[in-house]
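Visitor: Take this sequence and fold it.
(chains A and B)
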Amino acid sequence: MAKGVKPRVKVPKTASAGEMVTLKTLISHKMESGQRKDSDGNKIPRSIIHRFTCAFNGKTVVDVEMGGAISTNPYFSFDAVVPEAGEFHFTWYDDDGSVYETKKKVEMA
Amino acid sequence: MEVTRRDTMVIGGAAALTTILPSLSSAAIPVNELIMGVTGGADAATSGIDLTAPEIAENGNTVPISVDAPGAVVITIMAAGNPLPGVAKFKFGDGAAAQAATTRIRLAGTQDVVAVAEMADGSFAAVSKMVKVTIGGCGG
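Guide: Here you go, the predicted model:
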């Protein structure tokens, strides 16, 4: 498991039914692209988060496949609809098999 | 086998070719070819998709970009001049309010950033934008 991985998400606590909300996510991760070389000239193997998903009450909002060109500490911002009270479920999939998850509840205003 | 002067030339020539070829293949891929690779040869419309990227990025390690393609199902982002052109692929589900997203990417140098959207009806839209990079972001 990569060290110091910490997901952070910004989700409004309340929303009215059918409202559009902007979600921001950031996860601290080195995102080693597999292109860099160490001081001896050997390639540093790739170690990135290759997939990110966000769902609201089981309904997919976005599903992102990432390549090595996504920057360190991958950041995403996107819009979702909140039809009812529920929970956003964010998941990140690491190359090394680890899965990082965060959940955020949204209540009706 | 006796190695003649002519053989030496042929071997030398072949060696020179193989050393040149890898550097050619890592050069920027034409934007059209990248788009065709996503659409499977189908033509892509030039409207219906927006790509926001800075004209000049000082640091290629983290270049903010946004895409917006109303009605898209999948948006693929590529960097034509990176060692690996694939950057990200956004799939939008029922819970998405807009087919738009913002992220930060790495660019190896000055190059075209390409976004291709696949619409719900199966058609495609593509856009590309030149980004000038002062310091490349691939640790090369």
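Visitor: For chain A, list the residues in contact with chain B, please.
Guide: Proximity of chain A to chain B (CB under 8 Å from any CB of the partner chain) is limited to residues A:20-21, A:33, A:35-37, A:54-56, A:59-72, A:74-81. Glycine gets a C-beta too; all of them are placed from N, C-alpha and C.
Visitor: From these, keep the buried residues only.
Guide: With burial judged by 16 or more other CB atoms under 10 Å in any protein chain shown, the buried subset of the residues of chain A next to chain B is A:21, A:33, A:35, A:54-56, A:60-72, A:74-81.
Visitor: Which of these fall within strands?
Guide: Secondary structure from DSSP state E places A:21, A:54-56, A:60-66, A:75-81 of those in strands.
Visitor: Which pLDDT value goes with B:E58?
Guide: Per-residue pLDDT puts B:E58 at 89.
Visitor: residues contacting it?
Guide: Neighbouring residues of B:E58 by CB atoms under 8 Å, 6 or more residues apart in numbering or on different chains: B:134-135.
Visitor: any idea how far chain A is from it?
Guide: 14 Å (CB to the nearest CB, to the nearest Å).
Visitor: for chain A, what are the low-confidence residue spans?
Guide: A:1-2 (pLDDT under 70).
Visitor: In it, which residue sits closest to chain B?
Guide: Residue of chain A nearest chain B, by CB to the nearest CB: A:T60 (2.8 Å).
Visitor: Surely that residue touches B:D94?
Guide: Yes - with contacts counted by CB atoms under 8 Å, A:T60 reaches B:D94, the gap being 6.6 Å.
Visitor: For chain B, which residue gets nearest to chain A?
Guide: Closest point on chain B to chain A, by CB to the nearest CB, is B:G93, at 2.8 Å.
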